[in-house]
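>>> my questions concern the predicted model and sequence given below.
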Amino acid sequence: MNKLAMRDVYGETLLELGKLYPNLIVLDADVSKSTKTISFAKAFPDRFFDVGIAEANLMGISAGIASTGKIVFASTFSVFASGRAYDQVRQSIAYPNRNVKIVATHCGVTAGEDGAMHQAFEDIALMRSIPNMRVIAPSDGIEAKKVIKKIVELPGPFYVRLARPATPVIFDESYDFELGKGTILREGKDGVIVACGIMTYIALESAEILLRDGIDIGVVSMSSIKPIDVELISSLSKNYKYIFSCEDHSIIGGLGSAIGEVLPPTEAKLVRIGINDEFGDSGKFEELLKFYKLDPLSIAEKVREVILNDRI
Amino acid sequence: MRYDVERLAEIARRVRYNALYMITKAGSGHPGGSLSAVDIMVTLYFNIMRYRVEDPFWEDRDRFILSKGHACPALYAIFYELGIIKKEELDTLRKPGSRLQGHPDVKRLPWAEFSSGSLGQGLSFAVGVALAGKIDKKDYYTFVLLGDGESQEGQVWEAAMSARKFRLNNLIGITDRNGLQIDGETESVMPIDPLADKWRAFGWNVLEIDGHNFSQIISAIEKAKESKESPTMIIAHTIKGKGVSFMENVVDFHGKAPSPKEWELASVELGGDSVE
Ligand SMILES: Cc1ncc(C[n+]2csc(CCOP(=O)(O)OP(=O)(O)O)c2C)c(N)n1
Ligand SMILES: [Mg+2]
C-alpha cells in the first residue's frame, strides 16, 4: 500500500507554491525540521522566518505580515498552534480576517511518544468556534497537497491539521478538493462512518472488517470540518439509519459535534467516535489508536455493537 | 543528602547511562538536553535539596521544577537512583500507561512536581510555588531548570518580572545554556544574548558557571541562597549531549534516539554495564 506523510507533502507543496507565489511568506517556531517548512526555508531563505520558541509571537507576526497583502503560512505543532497561541489567533488573525494559513502538524495521537502535553485533542473545537476561521483535516497526503494548493488562493484564515506519520493513500491525483464538500468513498446499507484526518483510512479498514460480519457500512471523508457539507450530511441522514462520526480528537466540539449541529432532527442516529474527554498518553501512534479504541478493529466492534443492539 | 563531588560524579555517570538506556529502549526521546542537564540535576538531588523520598507531598520539601520537560529521562534516572522508580520501569519510557511519560506527568509521578512539555511555563509555576512559600512562611527553596531556547517564550519574561516584584529570594532558576535548540544555535534561530544582562535588567541576581563543574554548581546555589530580596538566575554553561563524544554539540541529537549501534558505543563511553 502506498503511504505518504501529510507533513512531508506539505513541505514539498510549499516549495512548489514558493515558485508560483512571490508574495508567499512562511514562518515557523523552532520546529521547521518536524513541520517540514525547512525545505521552503532552504529554497527561499528571504521569505522564511524562524521566530524561535515563541508561538504567540509567531501568530502575531504572521498577522502583521498578512496585513500588507502577503500570503502567510504559519506552522508549528497543532497543540501549540491552537492552544499556546489561541488568543493571538483569535484577535490578530481571525477577527480582522487576515490571510494567514495556520498549518499545524503532529495532530492528535500522531504526536505519539511525546505524550499528553503534545497531543491536542481539542484543536478542532478551539479553531472551529472562532468566527472567520475555516478548519480542514485532510484524510491523506494527496488531499493534504490539494488542500494547501486550494487555500493559497482563498483569502482569509485557515487551520489545517496534518498528521506526523506516513499513512495510506486514499485519493488519486484526479481528486479535487472543494471547500465545504465531503467525499463518499464507499456506499453501504447499514450505516455510514463520517471521518476526517487519519481516521478516514482507518474507517475504510473498519468497513472491510464489518463486511466480513455481514454489516455493510459506507465511508465518507469529511475533511472540510468548517465549512461542513450540510447537504451531504442531510442526504446521509435520509439514506442511513446510523451515522458514526470518527476523529482522533475529543468527541466534544470536533467533527462529531459539527455533524450534530447540522443533522436534520429525528432522522439518523449519530454516534460519535473519538477521544472520550480525556488527555493523551505516550506511545507510538498505532499503540495509541488501540489505547483509545480508535484502531480499525475497535471501531468495527463499536459499530457492530450499536447496530446489533438496536436490531434486538 | 550531602554527597561529595566524587560521589556526585559517579551518580551523574549512572544517570547518563540510564537516561540514554531508556531513550534507546523507547526508540525516541531527547538525549541532547537530557545529558546537558544531568550534572545540575544530580547536584540538586544529591547535594542541595531537602526532601523525603517516601513523601512527595511533604510540605517543607524543596521543589525542583523541570521546565524543559523533554529532559525527563534524566529526571527519571535520578528517581531510579532514589528508588522511586523500579528497574523494570526503565523499559517503559514513552509507553502507553507508563509513569514514565514522554514528558513529566505529575499525576502519575508526583515527585515530578509539574507536568511540563509545553516550554515556557515552568517559571510561572515556580513563581507561584515560591510565593506560596512566602505566604505560608516556609523556608523551602524552589528550583527551576529552563532551556536556553525555552527562554525565547514571552511567558518566561512575564514570570521574571513577577518574581522580582514579589521579592522571591527563595526562587533559584538555572538556565541550561547549551547554545542549541531544534532548528540550530540559539544565537542564529533567535538570539537570547546578552542573557545575563537581560535577567539583571529584570531585577534578578545573576551568576554564571560551568554547568558540568559540581563545585561551581554547589557554590553558586549557596550564594543564591544568601540573596536578600532578589530571585537568582544561574546561567550554567553546558554542552548539549555531554558525556557521549558523538552527541556533544550535535544538534541532531536533540530529539533522536541512538541506534542500537550508537548505544553500544555510548554505553562504553558511559562506563558500560558496571552500572548494572
Ligand atoms: C511551547 C513549545 N514549543 C515548541 C516545543 C517543541 N520543542 C521541544 S524541545 C525544543 C527545543 C528546546 O530547546 P532548549 O530550550 O534550548 O532545550 P535543550 O537545548 O536544553 O534541549 C522545542 C522547540 C515545545 N516543547 N514547547
Ligand atoms: Mg538549548
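On my side now, so go ahead. Residues are numbered from 1 along each chain as shown, chains lettered A, B, ... in the order given. Ligands and ions are numbered 1, 2, ... in the order given.
>>> you'd agree A:Ile102 is in a strand?
Yes: counting by DSSP: H, G, I helix; E, B strand; the rest coil, one finds A:Ile102 located in a strand.
>>> OK, contacts around it?
A:59, A:74-75, A:81, A:89, A:93, A:127, A:157-160 (CB atoms under 8 Å, 6 or more residues apart in numbering or on different chains). In this view, the C-beta of every residue, glycine as well, is placed from N, C-alpha and C.
>>> out of the residues you listed, list just those in helices.
The subset of those located in helices under the criterion DSSP state H comprises A:59, A:127.
>>> quick check on the contacts of A:Ile102: which are buried?
Among the contacts of A:Ile102, those that count as buried by neighbour count (16 or more other CB atoms under 10 Å in any protein chain shown) are A:59, A:74-75, A:81, A:89, A:93, A:127, A:157-160.
>>> ok, of the residues you listed, which one's closest to A:Pro22?
A:Pro22 has its nearest neighbour among the buried ones among the contacts of A:Ile102 in A:Ala74, at 18.4 Å by CB to CB.
>>> burial of the nearest residue to the closest one once chain neighbours are set aside, as a residue count?
Excluding its sequence neighbours, the residue lying closest to A:Ala74 (CB to CB, 6 or more residues apart in numbering or on different chains) is A:Ser62, at 4.2 Å. By the measure other CB atoms under 10 Å in any protein chain shown, the count of residues near A:Ser62 is 31.
>>> A:Ser62 and chain B, how far apart?
Taking CB to the nearest CB, to the nearest Å as the measure, A:Ser62 and chain B are separated by 15 Å.
>>> count the neighbours of residue 94 for me.
Using chain A here. Taking other CB under 10 Å as the criterion, the count of residues near A:Ala94 is 22.
>>> to clarify, I was referring to chain B.
When neighbours are defined as other CB under 10 Å, B:Arg94 has 28 of them.
>>> quick one: it and B:Thr24 touch, right?
No: using CB atoms under 8 Å, B:Arg94 is not in contact with B:Thr24, being 11.4 Å away.
>>> may I ask you to name the longest helix in chain B?
For chain B, the helix reaching the highest residue count under DSSP H is reported as helix B:5-26.
>>> what's the helix or strand following that helix packed up against?
Toward the C-terminus, helix B:5-26 is succeeded by helix B:31-43 as the next helix or strand (DSSP states H and E). Under the contact definition 3 or more CB pairs under 8 Å, 6 or more residues apart in numbering or on different chains; DSSP states H and E, helix B:31-43 sits against helix B:5-26, helix B:72-81, strand B:142-147, strand B:171-177, helix B:214-225.
>>> name the strands paired with the next helix or strand after the last one and say parallel or antiparallel.
It refers to helix B:214-225. Using DSSP H and E, the helix or strand that directly follows helix B:214-225 along the chain is strand B:232-237. Partner strands and pairing direction for strand B:232-237 (DSSP bridges) are strand B:171-177 (parallel), strand B:205-210 (parallel).
>>> adding distance to ligand 2 and mean pLDDT, write those strands out as JSON lines.
Shown next, in JSON lines, are those (distance: least, CB to the ion, whole Å; pLDDT from 0 to 100):
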{"stretch": "strand B:171-177", "distance to ligand 2": "6", "mean pLDDT": "99"}
{"stretch": "strand B:205-210", "distance to ligand 2": "16", "mean pLDDT": "98"}
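>>> ignoring the adjacent residues along the chain, who's closest to the residue in the stretch 101-250 of chain A positioned nearest to chain B?
Distances between the stretch 101-250 of chain A and chain B by CB to the nearest CB are smallest at A:Met117, namely 2.9 Å. Excluding its sequence neighbours, the residue lying closest to A:Met117 (CB to CB, 6+ apart) is B:Gly117, at 2.9 Å.
>>> which residues of the stretch 151-276 of chain B lie near ligand 1?
For the stretch 151-276 of chain B, the residues found near ligand 1 under the criterion CB under 6 Å from any ligand atom are B:176, B:178, B:180-182, B:240, B:254.
>>> got any ranges where the stretch 201-312 of chain A has weak pLDDT?
Along the stretch 201-312 of chain A, segments meeting pLDDT under 70 span A:312.
>>> show me where it has helices.
Ranges of helices within the stretch 201-312 of chain A are A:230-239, A:255-262, A:285-291, A:296-311, based on DSSP state H, counting those that start in this stretch.
>>> next, the angle helix A:230-239 makes with the second one.
Computed with axes from the mean of the first three to the mean of the last three CA atoms, to 10 degrees, the direction of helix A:255-262 lies at 80 degrees from that of helix A:230-239.
>>> contacts for helix A:255-262, please.
Helix A:255-262 is touched from outside by A:124-125, A:128, A:137, A:194-196, A:222, A:225-226, A:228, A:230, A:233-234, A:243, A:245-247, A:249, A:251, A:270, A:272-274, with contacts defined as CB under 8 Å, 6+ apart.
>>> repeat for the first one
For helix A:230-239, the external contacting residues (CB under 8 Å, 6+ apart) are A:181-182, A:184, A:192, A:194, A:218, A:220, A:222, A:243, A:259, A:262-264, A:267-268.
>>> can you narrow those to ones near ligand 2?
By CB under 5 Å from the ion, no member of the contacts of helix A:230-239 lies near ligand 2.
>>> those: which two are farthest apart?
A:Lys181 and A:Glu267 (20.8 Å).
>>> got phi/psi on B:Glu262?
According to degrees, to the nearest 10, the main-chain angles of B:Glu262 amount to phi -60, psi -40.
>>> measure how buried the residue nearest to it when sequence neighbours are not counted is and give me the count.
Across the structure, with CB to CB, 6+ apart as the measure, the residue nearest B:Glu262 apart from its sequence neighbours is B:Phe246 (7.2 Å). Residues within reach of B:Phe246, counting by other CB under 10 Å, total 12.
>>> grab the most central residue of chain A for me.
Of all residues in chain A, the one closest to the mean position by CA atoms, centre = their mean is A:Ala137, 1.8 Å from it.
>>> my read: it touches A:Ser223, true?
Yes: A:Ala137 is within contact range of A:Ser223, at 5.4 Å (criterion: CB under 8 Å).
>>> on that earlier part again, packing partners for the helix or strand hosting the residue nearest to A:Ala74?
Using DSSP H and E, A:Ser62 sits within helix A:55-66. Where contact means 3+ CB pairs under 8 Å, 6+ apart, helix A:55-66 is packed against strand A:24-28, strand A:71-77, helix A:86-88, strand A:100-105.
>>> buried residues in the longest helix of chain B, which are they?
For helix B:5-26, the neighbour count (16+ other CB under 10 Å) marks B:8, B:11-26 as buried.
>>> for stretch B:254-266, same thing?
Judged by neighbour count using 16+ other CB under 10 Å, the buried positions of stretch B:254-266 are B:254-258, B:262-263, B:266.
>>> residues touching the residue of the stretch 101-250 of chain B found nearest ligand 1, list them.
Closest to ligand 1 within the stretch 101-250 of chain B is B:Gly147: 2.0 Å, counting by CB to the nearest ligand atom. The contact partners of B:Gly147, taken as CB under 8 Å, 6+ apart, are B:33, B:67-68, B:71, B:119, B:175-176, B:178, B:181.
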